[in-house]
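Novice: predicted model and sequence follow; I will ask about them next.
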Amino acid sequence: MEERKTARKKVIVITNHSYMLYRFRKELIEAMMEQHEVVLVMPFTGHEEDFQAMGLRCINTELERRGINPFTDLKLVKTYREILKKEKPDCVITYSIKPNIYAGYLCSRMRIPYYANVQGLGTAFQKAGLAQFVTMLYKSAFRKVQKVFFENETNAEEFRQRGILGKEKQVVLHGAGINLKEYAYTPYQVNDPVHFLYLGRIMKEKGMDELFGAVRQLHGEGYPFILDLVGFFDEGNDEYKNQAEQLEAEGILKYHGFQENPQPFYVKADCIVMPSYHEGLSNVLLEAAAQGRPVITTDIPGCREAVEHRKTGLLCRAQDEDSLYRTMKEFLTLPVEEREAYGKAGRAKMEREFDKQAVVAETLNAISAIHSGR
């Protein structure tokens, strides 16, 4: 008698950005595809064709990533409800605040097992009134959640203190991990002058005020260096665009725009600077360290985990221009041999703690109970 094959479970992944999902979760999705049917629900913001080429079915959704608009958000909830009713998934995995809250709430109502990912607190918990509102939404959404994945312990503790989630439902990962083969170590090269690299969204919360102020101070004191700026300006940030253009005219900065492949910029940099106000766990720091580059970043949750001060890089205070200036100045005075040693130690740390394969395995282990009997 022919053995009956077990039906593949259907897993729906819901996120707010197809580009980010591909960049940081591709390996996890590939691993899930080995045993399950995986469907992606997301705005098409890049790499959706790459996902489709992998054999994935992708459903496009409209989503305003920033701010709360009752009309568009209600439309998003309706869209999620229709998708869940039609697809009848065995399990749902969500990324980012709106999918976590809206899809999570629907899953709890529709008795669909679901797992959520909190990739940082963003600005949601920075203002008292908004923090109370978001706390209420998270409590409602996570009432029946199976597990919630965090990228640092401080964020997980914040959810415990706010009564959103107990420790038994929390899993703290080493961020998204880093693909050590893709981001291979490359020998340290010396530039004359030194090249600092900022790579990411160009916005206030990433420390642009402090970064632009610090480089002006250093330039005014006669230190030779270039700040390579790679990324895109968030909507409404004409102020930073104007400042960048002025710094470029003065020979302090070179703007390279958004780059699909960041690796050549890491390789050509002497040091990566990430003066962020808040992070889940900065992928930029992981990528830079994996390629053997020292980093300067703020001593905050989501950044400090990726750096060992004065061993793989340097830490400064967040939202403190003078602290960033003094830290960048310290780097400029380091011997080349010490900078190279920082890069090598950073690579070793990535190999010990942040290997993408280990993070994927831990994630799969936590969601291995994709429930039967639905």
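Specialist: Yes, it's here.
Novice: could I have the lowest-mean-pLDDT helix or strand in the chain exported to PDB, CA atoms only?
Specialist: Taking mean pLDDT, DSSP states H and E as the measure, helix 128-141 is the helix or strand of the chain with the lowest mean score, a mean of 85. Output of helix 128-141 as PDB, limited to C-alpha atoms (Å, rounded to 0.1, in the frame of the first residue of the first chain):
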ATOM      1  CA  ALA A 128       4.100  59.400  25.700                       C
ATOM      2  CA  GLY A 129       0.700  59.700  24.100                       C
ATOM      3  CA  LEU A 130       1.600  57.700  21.000                       C
ATOM      4  CA  ALA A 131       3.400  55.100  23.200                       C
ATOM      5  CA  GLN A 132       0.300  54.500  25.200                       C
ATOM      6  CA  PHE A 133      -1.800  54.100  22.100                       C
ATOM      7  CA  VAL A 134       0.700  51.700  20.400                       C
ATOM      8  CA  THR A 135       1.000  49.700  23.700                       C
ATOM      9  CA  MET A 136      -2.800  49.200  23.700                       C
ATOM     10  CA  LEU A 137      -2.700  48.100  20.000                       C
ATOM     11  CA  TYR A 138       0.200  45.600  20.600                       C
ATOM     12  CA  LYS A 139      -1.600  44.100  23.700                       C
ATOM     13  CA  SER A 140      -4.700  43.500  21.600                       C
ATOM     14  CA  ALA A 141      -2.700  42.100  18.600                       C
END
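Novice: now what about that helix, what contacts it?
Specialist: The contact list for helix 128-141 (Cβ atoms under 8 Å, 6 or more residues apart in numbering) reads 97, 100-102, 104-105, 108, 116, 123-125, 159, 162-165. Any C-beta I mention is one placed from the backbone N, CA and C, and that applies to glycine too.
Novice: likewise stretch 316-334?
Specialist: 194, 196, 207, 209-211, 213-215, 217-218, 223, 225, 271, 273, 275-277, 294, 296-300, 314-315, 339.
Novice: try it again with 6 Å
Specialist: 210, 213-214, 217, 223, 271, 275, 277, 296, 298, 300, 314 (Cβ atoms under 6 Å, 6 or more residues apart in numbering).
Novice: mind checking how far that stretch is from the chain centre?
Specialist: The chain centroid and the centroid of stretch 316-334 are separated by 24 Å, computed with Cα atoms, centre = their mean, to the nearest Å.
Novice: send me that stretch as CSV with only the CA atoms.
Specialist: What follows is stretch 316-334, C-alpha atoms only, in CSV (Å, rounded to 0.1, in the frame of the first residue of the first chain):
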residue,chain,number,x,y,z
CYS,A,316,29.7,57.3,21.2
ARG,A,317,26.7,58.8,22.9
ALA,A,318,23.5,59.1,20.9
GLN,A,319,22.1,62.5,19.9
ASP,A,320,25.4,64.1,21.0
GLU,A,321,27.3,65.9,18.2
ASP,A,322,30.4,66.6,20.4
SER,A,323,30.7,62.9,21.4
LEU,A,324,30.5,61.8,17.7
TYR,A,325,33.0,64.5,16.7
ARG,A,326,35.5,63.3,19.4
THR,A,327,35.0,59.7,18.4
MET,A,328,35.6,60.3,14.7
LYS,A,329,38.6,62.4,15.7
GLU,A,330,40.0,59.5,17.8
PHE,A,331,39.6,57.2,14.8
LEU,A,332,41.5,59.6,12.6
THR,A,333,44.5,59.4,15.0
LEU,A,334,44.6,55.6,15.1
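Novice: about what we covered before: partners of the helix or strand just after the least confident helix or strand of the chain, with directions?
Specialist: Downstream of helix 128-141, the next assigned helix or strand under DSSP states H and E is strand 147-150. As defined by DSSP bridges, the strand partners of strand 147-150 come to strand 114-118 (parallel), strand 170-172 (parallel).
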